[in-house]
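Q: everything below, folded, please.
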Amino acid sequence: MLAEIITIGDEILIGQIVDTNSAWMAKKLNEIGVKVKQITSVSDDADHIIEALTQAEKRARIILITGGLGPTKDDITKFTLARYFNMGMRRDAAVLEQVESFFKRYNRPMIESNIKQADVPDGCTVIQNKNGTAPCMWFDHDENIIVSMPGVPFEMMYLMEDEILPRLKKSFELPFIYHKTILTANLGESFLAEKIADIEDSLPSSIKLAYLPKLGQVRLRLSTSGTDEAKLKEEVAVYAQQIITRLKEYVVAEDDIALEKAILDVMDKKGLTLSTAESCTGGYIAHLITKHAGSSSVFAGGAVAYSYELKESILGVQEKTLATYGAVSEQTVKEMASGAISHFNTDYSVAVSGIAGPDGGTAEKPVGTVWIAVASKEKVTAKLFHFGNKRLQNIERSASAALSMILNQLKEDSDLL
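A: Residues are numbered from 1 along each chain as shown. Here you go, the predicted structure:
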């Protein structure tokens, strides 16, 4: 079963907002056995929307639309849908009651444009939006289903989970789609492919292998679909185990999780704690760690120490070290890591100091120069990296390299992985 997602709004096309709705919807659709054929973003233009819908109906049985359902003049989706389906408009009593209740709850006055939120194409099925005023509209068109939802993410998510996905499962006999993901680190995509080329060549046509690279890591995803869930999992498991065995030294996790989550899981299992000492990454490593629920069982905290004064007062870096070698040096980053261990009383720490850019570099230490250290209570190791001249990329690369160094240290330390 194929689906297509259409997001509507000039704000997406000019880069004012990022379309996170499509990725979330695609994942949820995949979980119920629906494959997304295409994702399209279109402008707030009726002809553009109609063209996108016309083409989408040729490719997919399910078309999900988000955006353009607000009360202002630039929100034209429902009027365009009425034109597309050759329908008139009606004022839906249930929607009007929902809108009135919403404004009453927040003690806000209603104006005519708010009342018009209850106007919908007269041939659609209205699905109540319990978290906003924009109605969700369901259209049965020939053999296809077209659903229009608000673009506000939390409104769309509730509608999808509570209403749309259950209705789609009742409307179609959907297959089971299964993915098995293996997370690897410290080896590039092309080298991984070379190592498992024979295994990949032996895969049956029903199982697809995808390489999903990210800075410092690659996810390998085996995918298949069918009606017999147990059989599908059993078939994929055979090839997954062959890959895991072949790539044993590079395998971080046998699930679709982030590198930092894999590190947290290992350290939590062993009862180990971690702290951070960040300069050029500005707390980004701590952010990656703490976005995972339960991270507090491992992550004690950290310091963002940009200035010499804070490196000295918070992390215990010696004034002489900074004066002699500078902030971006092996000596300083090692003292930062050791200071974090001492001051935050953790089993491990990671420290980063570098020149993120776009300025601040010198001939000896150009932009992109980054020192990273990982410390335990027994030892400290440091490594020099030379990244590019793009600030945000340097921050991301530094964080990825730091996480990989933590992982490598855990591997070196007796039976932690």
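Q: remind me what the helix or strand where Leu310 lies packs against, helices and strands.
A: Using DSSP states H and E, Leu310 sits within helix 308-313. Applying 3 or more CB pairs under 8 Å, 6 or more residues apart in numbering; DSSP states H and E, we find helix 308-313 packed against helix 319-325. Every residue, glycine included, has its C-beta placed from N, CA and C.
Q: ok, 6 Å please
A: Contact here means 3 or more CB pairs under 6 Å, 6 or more residues apart in numbering; DSSP states H and E; on that basis helix 308-313 packs against no helix or strand.
Q: helix or strand for Phe154, which one?
A: Going by DSSP H and E, Phe154 is in helix 153-159.
Q: which parts of that helix are buried?
A: For helix 153-159, a neighbour-count test (16 or more other CB atoms under 10 Å) marks 155-159 as buried.
Q: output it as PDB, nothing but the C-alphas.
A: Taking Å, rounded to 0.1, in the frame of the first residue of the first chain, the C-alpha atoms of helix 153-159 are listed here in PDB:
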ATOM      1  CA  PRO A 153       2.800  19.400  14.700                       C
ATOM      2  CA  PHE A 154       1.100  18.400  18.000                       C
ATOM      3  CA  GLU A 155      -2.400  18.800  16.400                       C
ATOM      4  CA  MET A 156      -1.400  16.600  13.500                       C
ATOM      5  CA  MET A 157       0.200  14.000  15.700                       C
ATOM      6  CA  TYR A 158      -2.800  13.500  17.900                       C
ATOM      7  CA  LEU A 159      -5.100  13.300  14.800                       C
END
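Q: distance between it and the chain's centre?
A: 17 Å (CA atoms, centre = their mean, to the nearest Å).
Q: which element follows it toward the C-terminus?
A: With elements assigned by DSSP H and E, the helix or strand that comes after helix 153-159 is helix 165-171.
Q: any idea of the mean pLDDT for that following helix?
A: The average pLDDT within helix 165-171 is 95.
Q: number of nearby residues for Gly326?
A: Gly326 has 15 neighbouring residues, counting by other CB atoms under 10 Å.
Q: Lys180 versus that one, what's the distance?
A: 47 Å (CB to CB, to the nearest Å).
Q: now do Val238
A: For Val238, the distance to Lys180 - CB to CB - is 11 Å.
Q: which helix or which strand is home to Thr224?
A: strand 217-226.
Q: quick check: buried residues in stretch 278-286?
A: 278-281, 284-286.
Q: can you give me the end-to-end span of that stretch?
A: Start and end residues of stretch 278-286 are separated by 9 Å (CA to CA, to the nearest Å).
Q: need the residues that contact that stretch.
A: For stretch 278-286, contacts defined as CB atoms under 6 Å, 6 or more residues apart in numbering pick out 276, 302, 304, 306, 352-354, 356, 395, 398-399, 402.
Q: go ahead and build a ChimeraX selection from the buried members of those residues.
A: In ChimeraX, this line selects whichever of the contacts of stretch 278-286 come out buried by 16+ other CB under 10 Å:
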select :276,302,304,352,353,354,356,395,398,399,402
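Q: where does the residue lying closest to Ser404 once chain neighbours are set aside fall, phi/psi-wise?
A: Using CB to CB, 6 or more residues apart in numbering and skipping the chain neighbours, the partner closest in space to Ser404 is Gly216 (4.7 Å). Note on Gly216: backbone dihedrals following degrees, to the nearest 10 are phi 80, psi 0.
Q: so Gly216 makes contact with Ala402?
A: No - counting by CB atoms under 6 Å, Gly216 stays clear of Ala402, with 9.4 Å between them.
Q: ok, back up a step: with distance to Met267 and pLDDT as added columns, please give the buried residues of helix 153-159 in CSV.
A: Below are those laid out as CSV (distance: CB to CB, whole Å; pLDDT from 0 to 100):
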residue, distance to Met267, pLDDT
Glu155, 38, 93
Met156, 36, 96
Met157, 31, 96
Tyr158, 35, 94
Leu159, 38, 96
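Q: tell me which of the residues you listed is nearest to Pro204?
A: Distances from Pro204 to those, taken as CB to CB, are shortest for Met157 (35.9 Å).
Q: quick check: the gap between the closest one and Ile127.
A: Distance from Met157 to Ile127, by CB to CB: 14 Å.
Q: I'd like to know how far the closest residue in space to Ala185 that isn't next to it in sequence sits from Ala293.
A: Spatial nearest neighbour of Ala185, chain neighbours left out: Gln217 (4.5 Å); criterion: CB to CB, 6+ apart. To Ala293, Gln217 is 21 Å away according to CB to CB.
Q: picking up where we left off before, contacts for the helix holding Leu310 next, please.
A: By CB under 6 Å, 6+ apart, helix 308-313 touches 305, 317, 319, 322.
Q: now with 7 Å?
A: When contacts are defined by CB atoms under 7 Å, 6 or more residues apart in numbering, helix 308-313 is touched by residues 305, 317, 319, 322, 327, 336.
Q: quick check: domain ranges of the protein?
A: Here the domain parsing of the chain from automatic domain parsing is 2-171, 176-253, 259-412.
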